[in-house]
Structure formats: C-alpha cells, structure tokens
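>>> this is a predicted model, with the sequence first.
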Amino acid sequence: MNSGLKSGLVLLVLGIICGTLLAVVNSLTAETIANNELIEKNAVLEEFYNLNNYDLEEKTFESDEVSTIYVLKEKGTDNINAIIYQVAATGYNGPITMLIAVNSDYSIEGYTVLTHSEDPGFGADIVEKDFLIESVTDLDPFDSVAGVTYTSNGILGCFEIVAARAGQDFGGGLDD
Amino acid sequence: MTNRENLFKGFVKENPLFVSVLGMCPSLAVSTSLENGLGMGLGVFFVLTLSNLIISLIMSNEKLAALVKPVRIPVYIVVIATLVTIVEMLMHAFIPDLYKSLGVFIPLIVVNCIILGRAEAFASSNTPKDAALDGMGMALGFTGAIAIIAIFREFLGAGTITVWGNLVINLTGLFDFIGITPIGIFVQPAGAFLSFGLILGTITAIGNKNAAKKLAKEALANG
Amino acid sequence: MDSIIALAFTAFIAENIILSQFLGICPFLGVSTKRSNALGMGFAVLFVMLISSMVTYALYTYVLEALDIVYMRTIVFIIVIASLVQMVETFIKKVSPALYKALGIYLPLITTNCAVLGVAILNITKEHSFGETVVYTTFIGLGFIFVMYIFSMIRERIDKAPVPKAFQGIPIALIVASILAIIFARFGGIV
C-alpha cells in the first residue's frame, strides 16, 4: 500500500473514532445544556413576574434592536397584561442588551442588563444602577451618569426602542 | 528522571508560562479574576494530561507509531481538538457560568502552544506514566502562574479575590483604609499586559540574583 | 452601510485582535523585533485568516449546521486551517518564489497562531453573515498588521534604550504593549 493512502487511512480512522466519541459526549450533555439555558432564561423573566400566572408567548425577530419579546397574557384570554422586551443598543465598547418589562398601563415593572462589554470600573458599574425611569411614556427623568456618557446613552437607547413601539404592541401589533 | 521530578519540573524550573513563556494569549485574557484563571487551568489540566497520555500510548506501540509517524502533527491536533471539545461540552453542561466567562478561550485551548509542545517534545518519546505526570505538572505550573497574575490583577483592579463562585475575599476595606479606590485599569486589557510584564520582570530579577549568588558562592568555594 | 463601517472600525481599533482580544500574542512578541518581519508575518496572517474564515464559514453553515453536528466545530476548523496553511505554502512556492521568500518562514507558524482559529470561531459566535465575515476578518487582519508594525518600530528603539537587565526583552515589551492598549481602548467610544 502506498504511504500517502496509508496516512490518509490512519487519519480517517482517527477521525471516525473521535467523531463517535464526541457524538456520545454530546448526546450525554445536550439535554443538561438545554435545560440549564431554559432555567436561566425563565429565572430572569421571573424576576419581574410570576410566570405561572400568565400565558407566555415568545416572539423572536431578525432585528438588531429588538431580538425577542415575551408577551404575558391573562390566562386563557387574549388580553395582554405585560410585555418583556429584549432590546440592544450601542454602549461604549459594543452592544448593551437589556430586558425591560412593561405593564399594560405603560409603567415599567423592572429592567435588567443581560450582556454588555463595558469597561470594568467605569461603564460596567452603572449597568447595575437605578435610572429613575418609571414609565415608557416619559423618559425625561432618565438619570444619566457623568463620565460614562456612552454607556448611559446605550441604556437610554434601549428604553427609547421600547418607548417607540410599546403603544403599538399593546394595541396588538407585536410585529417586527 | 524520577516520578517526582517529572511532576514537579513544571512548577518552577520549567514553568510553561514564566520560564518558557508559552500560552500567553489565554493567560492574559482570562486572568481578570482568580476564578477564571483556575477554570482555565482546570481545562488545560484535563486536556494536557490526557493528550500526553494518549499520544504516549500511541507512540510507545511500535506498530502504531510507524503508521502515525508521517502524519503525527495532524494526529496530535485531532486528539487535542477532541479532548478540548469534550471539555467545552462538559463545562457548558456543568459549569455554565465559567463557560460563559471563558468564552472563545475554551476552544482555543487547541492552539495553546504548551499542549502541542509537550506532545512533540515529551509525550512522543517517553513512557505513558511519565508523559501523564509531565502533563499534570505542566498544567499545574500553568494554573499556578495564571493564578498569581489573576490575584495581582483582581486585587489591584477590583479589590476582591474571587476564589470560586460565591467564595469571594473582599479586600476593598484595605483600599478604603489607605483612602484610594481600586485601580480599574488592572482588570482591563491594558492591565493584563502591564501586570504580566511587571511579574515576569520581577521573576527574572529574582532569578538573576539567585544565579549571581550561586556563582559568587562557587567562586568563593573554589578560592 | 453605517453598520458595516462601524463593524470595520470596531474590528480595526476598538476590538483590536492583539490589544483587546489577546489573540496572536506569540507572533506579536516573537516576530515584532524588526519592521520587515512584522510586516511579513502580518500579511501572511491576514491572507490565511481571510481564506480560512471564508472556508470555515461555508463549512459551518452548509455542512455542520445542516447535518446538526456543530460540536465538530473545533476539530473541523483546526484541520481546515492546518491544511490551508500547507496548501497556501505549496501554492505560493510554485506561483511566486519571491513572495514565498518573503512570507515562507512565517507560514508554518500560523497553524498554531490562535488569532486565525480565534477569528474563525468569533465570526460564528457573533453570528456574522458572509459579507460581515469578510469585512470583520479583513479589518481584524489589518488591525493585526497595524499594531505589529507600530510595535516593531517601538521595539527597534527600545533595543537601544538602557532598560534594567531583568526587564529586557519580553517584560519591557509587555509594559509598552499595555500603554498601546490604553490608547486603543479609548477609541471605543467613537463608533
């Protein structure tokens, strides 16, 4: 047998062994990974509402700004009680992703920063901060932080995205 | 070499990070907290020990070695990549927080020069037992070195030392006592280069001093 | 269009592959002692990076995802990069001996250059489209060349400076790199 073919066969056999091994490990871990992700996602949503009291509907969009909305409907009806928006806007080092929970009277139930790449010690600190906003119909009280303007603008940007579409969504729009 | 020497040479004498200066990328990137450094060390420990063991097993069998020899580098890479993917999946499933904070640097263990370097320089020409011990020692030496950088950076940059999960040593009181805030730059990318440079220089200085002492002693003994 | 410019700028400066993502540190410290070496290595990396990113993107999207075996990603990518480096080497040797002379010695080093695999994986995790992959990779590569070149000029001068003995070589290079990193990080707000 020529040496090139032999080498090829060695690699092929090794590839098959390794591939099989990975397939086995994957099948063992895939379920745990999926479960973890679901638990984690629901845990974040449960910070705002007890999910057992509502029918949860999830809509995902192809947009950079609004990636997902979670619509909480009164059990068994089509009445929208609240919408949780997953939105993104640009901060200092890249996108800041937030969850913003809005009630049907446009008051803000709560918000949290999901991911960001702001600098530790600078922008990263203020993503934990209270921005004093209580309703999406009035963003004026927004408490920007001096010195970290870009991060503040990113967070305000997230609220603005929600403010721009909340009215339409509660009216039943719910589109991209 | 004895078992002891095989295991311990990676700690100080042939430390992969401080002496051979290999595996810089991950050590600069994940040394923002002690927890991340230890997590990276754990991944490297698993991969390096097993890759050394497997490669030594293949190469110490004459028939297999003859088959593998012409394509040994691709074979090493495939073995290492498989082990790395297994680590990645296990971390994703069982330590999801760590998986998130290490990010792209878990798959990048594949191109960590320490691992391919040990495979080629040691595992391919030593017994499986020696190779496994060598892998463990090198990985522990690597982990120790990252831990030193991580403690230095996290303490100066954030005033805390995150050992694992919720086990955090909070030393911000010390900064309050002196009347300053932690120096944020140390946990940023720039701080990684600065810390590594300072630590490496200090270690070299200590090494030089010891070497000079030894020389002086020998000169004295020789009259 | 705006977003493409922003992506290019981010890749080039704000998310500079060496100074903020810590990829490709080995060539950064090892080959940056002379300007000509820095440029040679830089262009070799850009070349391999661009081709491998396009190939791995296609493989990931049309093979791995289609067959639902995304867990084979790391293995497939590293094999692609290793064989690409081989092919590029043979190809350049045949087509342009002059170019081979300039880039040749850097090519084998690129297989274990984490910047190449790193960018291939980042393009996947950042969910870039094919166009974005090309733009992002090109500017990451240009950012690599840019920093390598600046750094090699600084190092040529450091070589002549009276640095304390223990800090000569890599330690002082790292400290200088930290100052560069501070400068680059401050460009983040422009985008």
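Nice, I can see it. Since this is a predicted model, take the numbers as computed values, not measurements.

>>> so for C:I105, what's the pLDDT?
What the model reports for C:I105 is a pLDDT of 67.

>>> so, low pLDDT: which residues of chain A?
A:1, A:93, A:118-129, A:146-147, A:173-176 (pLDDT under 70).

>>> and chain C, by the same measure?
C:1-2, C:102-105, C:112, C:188-191.

>>> and the longest helix for it?
helix C:130-158 (DSSP state H).

>>> what residues sit buried inside it?
Neighbour-count burial for helix C:130-158, counted by 16 or more other Cβ atoms under 10 Å in any protein chain shown, picks out C:132-148, C:151-152, C:154-155, C:158. From N, CA and C alone the C-beta is placed, and that goes for glycine too.

>>> check stretch B:67-76 too.
For stretch B:67-76, the neighbour count (16+ other Cβ under 10 Å) marks B:L67, B:V68, B:V71, B:R72, B:P74, B:V75, B:Y76 as buried.

>>> what does stretch B:87-100 give?
Buried residues in stretch B:87-100 (16+ other Cβ under 10 Å): B:V87, B:E88, B:M89, B:L90, B:M91, B:H92, B:A93, B:I95, B:P96, B:L98, B:Y99.

>>> wait, which of those is closest to A:K73?
Minimum distance to A:K73 across those is 30.1 Å, recorded for B:P96 (Cβ to Cβ).

>>> longest single helix anywhere in chain B?
Longest helix in chain B, counting by DSSP H: helix B:189-221.

>>> and that one, what does it pack against?
Judged by 3 or more Cβ pairs under 8 Å, 6 or more residues apart in numbering or on different chains; DSSP states H and E, the packing partners of helix B:189-221 are helix B:24-29, helix B:128-158, helix C:170-185.

>>> up against chain B, what does chain A have?
Within chain A, the residues that sit near chain B (Cβ under 8 Å from any Cβ of the partner chain) are A:3, A:6-7, A:10-11, A:14-15, A:18, A:21-22, A:25-26, A:29, A:32-33, A:36, A:40, A:119-122.

>>> these in strands, which ones?
Within these, no residue falls in strands by DSSP state E.

>>> returning to that earlier point: so the longest helix of chain B versus helix B:128-158, what angle?
120 degrees (axes from the mean of the first three to the mean of the last three Cα atoms, to 10 degrees).

>>> B:I77 touches C:A82, doesn't it?
Yes. The criterion here is Cβ atoms under 8 Å, and B:I77 meets it with C:A82 at 6.2 Å.

>>> now for these two: what residues contact both?
The overlap between the contact sets of B:I77 and C:A82 (Cβ atoms under 8 Å, 6 or more residues apart in numbering or on different chains) is empty.

>>> same drill for those two, tell me which one is more crowded.
B:I77 (22 against 19; other Cβ atoms under 10 Å in any protein chain shown).

>>> which one of the buried residues of stretch B:87-100 sits closest to A:T137?
B:P96 (37.7 Å).

>>> how about stretch A:22-31, does it get close to chain C?
Yes. Contact of stretch A:22-31 with chain C (Cβ under 8 Å from any Cβ) involves A:L22, A:A23, A:V25, A:N26.

>>> between the residues you listed, which sits nearest C:L180?
Among those, and counting by Cβ to Cβ, the member closest to C:L180 is A:L22, at 39.6 Å.

>>> for that closest one, what are its contacts?
So A:L22 contacts B:T82, B:T85, B:I86, B:M89, C:Y71, C:M72, C:I75 (Cβ under 8 Å, 6+ apart).

>>> also near chain A: which of these, exactly?
Answer for the contacts of A:L22 near chain A (Cβ under 8 Å from any Cβ): B:T82, B:T85, B:I86, B:M89, C:Y71, C:M72, C:I75.

>>> give me the phi and psi for A:E74.
Backbone torsions of A:E74, given as degrees, to the nearest 10, read phi -60, psi 140.

>>> that one - how many residues pack around it?
Here the number of neighbours of A:E74 (other Cβ under 10 Å) works out to 14.

>>> ok, and the closest non-adjacent residue to it?
Nearest residue to A:E74, sequence neighbours excluded (Cβ to Cβ, 6 or more residues apart in numbering or on different chains): A:N81, at 5.5 Å.

>>> shouldn't that neighbour be in contact with A:N103?
Yes. Judged on Cβ under 8 Å, A:N81 makes contact with A:N103 at a distance of 7.2 Å.

>>> which residues are in contact with each of these two?
Counting by Cβ under 8 Å, 6+ apart, nothing touches both A:N81 and A:N103.

>>> can you tell if the helix or strand harbouring C:F47 touches chain B?
Element membership for C:F47, per DSSP states H and E: helix C:35-59. No. Helix C:35-59 stays out of contact with chain B when judged by Cβ under 8 Å from any Cβ, the minimum separation being 12.0 Å.

>>> take the helices and strands packed on helix B:189-221 and write them to CSV, including distance to C:Y62 and mean neighbour count.
Supplementary listing: these in CSV, determined by distance: least, Cβ to Cβ, whole Å; neighbours: other Cβ atoms under 10 Å in any protein chain shown:
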stretch, distance to C:Y62, mean neighbour count
helix B:24-29, 30, 26
helix B:128-158, 37, 23
helix C:170-185, 36, 20
